[in-house]
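# Compute the structure for the input listed below.
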Amino acid sequence: MQFLVHKRRQAPTVIIVALIDVLIVLLIFLMVTTTFNHQSSIPLALPESSRAQKAGANENAPLIISIDAKGILRIGTDARAITLEELKSQLQTEVEKKPDLRVAINADKNSSLGEFVKVWDAAKDAKVKAVNLSAKEPAKP
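Numbers count the residues shown, from 1 in each chain. Okay, here's the model as predicted:
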């Protein structure tokens, strides 16, 4: 009688180096494809709100109008100061290009309410669909 000798198989091994390479490639892919939120370079102290929404990527990003503490208006990421009349004409042209235009107003907490109302009225006169005021979340203790 002949006994069969069974060779023991080695347990399968996981190649860690290959897994790390794949992980690095995925990490690079996510970093490259992530869209970053462009904040204006104008120093604004936004008012705090417990209902403030986190800024994130959005395909239909709003047009940002900034009002600093002195009441100076800026549109988009342009650092050039504009007048209320220039703002009205720019909003008119933007609405003609994009009828579903949305506007976000970044007003400094020390700016006057009157400036905010003037910008709001200019946006409504230009038939802007939605006008929002930006705020930031309060600091956590």
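# Flag the shaky bits of this structure, pLDDT-wise.
Where the chain drops to pLDDT under 70, the residues are 1-2, 35-59, 135-141.
# so where do the helices sit in it?
16-33, 84-97, 113-125 (DSSP state H).
# helices or strands up against the second one?
So that's helix 84-97. Contacts defined by 3 or more C-beta pairs under 8 Å, 6 or more residues apart in numbering; DSSP states H and E place helix 84-97 against strand 63-67, strand 73-75, helix 113-125. Every residue, glycine included, has its C-beta placed from N, CA and C.
# wait, which of the ones you listed is closest to residue 98?
Residue 98 sits nearest to strand 63-67 of all the helices and strands packed on helix 84-97, at 8.7 Å, using C-beta to C-beta.
# Just give the strands next to that closest one in its sheet, each with its orientation.
With DSSP bridges as the test, strand 63-67 is paired with strand 73-75 (antiparallel), strand 102-107 (parallel).
# Tell me which residues are up against stretch 95-110.
40, 42, 44-47, 60, 62-69, 91, 94, 115-116, 119-120, 123, 126-134 (C-beta atoms under 8 Å, 6 or more residues apart in numbering).
# Name the residues of it that come out as buried.
95, 101-108 (16 or more other C-beta atoms under 10 Å).
# just to revisit the earlier point, could you turn the buried ones of the contacts of stretch 95-110 into a ChimeraX selection?
Entered in ChimeraX, the line below selects the buried ones among these, by 16+ other C-beta under 10 Å:
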select :42,44,47,62,63,64,65,66,67,68,91,94,115,116,119,120,123,126,128,131,134
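# Using a markdown table, lay out the helices and strands packed on helix 84-97 together with distance to residue 87.
Below are the helices and strands packed on helix 84-97 laid out as a markdown table (distance: least, C-beta to C-beta, whole Å):
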| stretch | distance to residue 87 |
| --- | --- |
| strand 63-67 | 7 |
| strand 73-75 | 6 |
| helix 113-125 | 5 |
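# So which of those is nearest residue 13?
strand 63-67 (54.3 Å).
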